[in-house]
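Asks: Got a sequence here, can you model it:
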Amino acid sequence: MNDKLRTQINDLSVSEKILLVEEIWDSIASQEMSFDLNDSQKKIVKERSSSFKINPELGRSWEEIRNEFLGKNK
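Replies: Model prediction:
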């Protein structure tokens with residue numbers, strides 16, 4: 001990473017940095033590359049999926065979590 005870009009990133013507020021990371025992640029995800037999970041990660045995904053199917057009301061959306069983190073709760 002070049003110094004100019006690093007400086008620009010450091011000048012952002014925390015919420016702006018989080019939004020930038022989200023945009024970067026979305027751009028990576030849109031490339032439709034597959035990411036292999038190891039056995040431990042697969043087990044966690046299965047456990048969480050099963051838990052969600054049993055009690056879907058206990059989960060929260062990404063928007064709720066993000067808004068809480070960014071202090072945008074109503």
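Asks: Tell me how many other residues crowd residue 19.
Replies: Residue 19 is flanked by 14 other residues according to other CB atoms under 10 Å. C-beta: built from backbone N, CA, C; applies to glycine.
Asks: Which residues are in contact with it?
Replies: Residues near residue 19 by CB atoms under 8 Å, 6 or more residues apart in numbering: none.
Asks: what element comes up after whichever helix or strand residue 43 is part of heading to the C-terminus?
Replies: Residue 43 belongs to helix 39-54 when assigned by DSSP states H and E. Of the helices and strands lying after helix 39-54 in sequence (DSSP H and E), the nearest is helix 62-69.
Asks: Tell me which other helices or strands that next one touches.
Replies: Here helix 62-69 touches helix 14-29, going by 3 or more CB pairs under 8 Å, 6 or more residues apart in numbering; DSSP states H and E.
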